[in-house]
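Novice: sequence? don't have it. structure:
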């Protein structure tokens, strides 16, 4: 899709994509930035709706980016109407943040033969939300900060259990992390070679997102991964976003420094984003499905839905 399309829906894609491109052109991955924000230390989470449910997909990236750029430390967001219904009011002069809602509708049409056929039509709309730090008068619990992170031993034990429950075969050795589709194996460097347990977990989360791709899992096509640099860049962005989403769900802060083998993807991402305004939306949706699949493998899993 060309970024010059004049359709209103294309404008939504372009507005969001342009903002992400601006950061990538400076060598900054906007979906990683919240992790090293000083005021977010120990309080990493997905952005949350007024009812405590986490946002999904591209909205996670949008609200993380907005929170960092405006200095918000609360993860809670709500619409103007929701604030009113809860007894609060958005302060005068506050500007809201755009998020999106994507879905599909089914239409019945008559074809050239006079037969009624059903056609699925995707649609995208935007709405505006405000961080609770922009709202006065809400019940006290909306202003409470997330509880401190669990002690490292407990937190990492929980992460180890999550990955063990997911059930991938993981082999350790060498100095590279990768998923080998032909063997259905995740290869990881030894734990001791990582800077800390959080960095190991973030890297393993990235490879686990790759692991979800085969047809008997979420069915994400990797057939051209080794042959096409553009397809490889797409899949790496899915895995990177999925790692960030999953680490937020598990309550850990992932690696702060970019992986050396991903530095080259910045240029590829910029090239694709410059021509396809839906690229980041699709990558975030694929990442969301991968993370939801991994949550679904947990005992008594609390399923994370796929809608934005």
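Specialist: All right, it came through fine. Nothing here was measured: the structure is a model prediction, and the numbers come from that model.

Novice: Show the pLDDT at residue 36.
Specialist: The model reports residue 36 with a pLDDT of 43.

Novice: That should have said residue 293, apologies.
Specialist: Residue 293 carries a pLDDT value of 97.

Novice: That one: what's it in contact with?
Specialist: The neighbours of residue 293, taking Cβ atoms under 8 Å, 6 or more residues apart in numbering as the test, are 212, 217, 218. From N, CA and C alone the C-beta is placed, and that goes for glycine too.

Novice: Please pick the buried ones from the residues you listed.
Specialist: Neighbour counting by 16 or more other Cβ atoms under 10 Å classes 212, 218 among the contacts of residue 293 as buried.

Novice: Save the contacts of residue 293 as CSV, and put in distance to residue 58 too.
Specialist: Below are the contacts of residue 293 laid out as CSV (distance: Cβ to Cβ, whole Å):
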residue, distance to residue 58
212, 19
217, 22
218, 18
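
Novice: what comes up buried for the longest strand seen in the chain?
Specialist: Ordering each strand of the chain by length in residues (DSSP state E) puts strand 116-131 first. Of all the residues in strand 116-131, those buried under the rule 16+ other Cβ under 10 Å are 124, 129, 130, 131.

Novice: And these, which is closest to residue 73?
Specialist: Comparing those against residue 73 with Cβ to Cβ picks out residue 131 as the nearest, at 9.1 Å.

Novice: So which bits of the top helix by length along the chain are buried?
Specialist: Of all the segments of type helix in the chain, defined by DSSP state H, the longest one is helix 229-250. Using 16+ other Cβ under 10 Å as the test for burial, helix 229-250 gives 231-250.

Novice: Below-threshold pLDDT in the stretch 1-150 of the chain: ranges please.
Specialist: Along the stretch 1-150 of the chain, the parts satisfying pLDDT under 70 run over 1-10, 27-28, 30, 32-44, 145-150.

Novice: what do you get if the cut-off is 90, keeping everything else the same?
Specialist: Counting by pLDDT under 90, the ranges of the stretch 1-150 of the chain that qualify are 1-46, 61, 64-75, 93, 101-125, 143-150.
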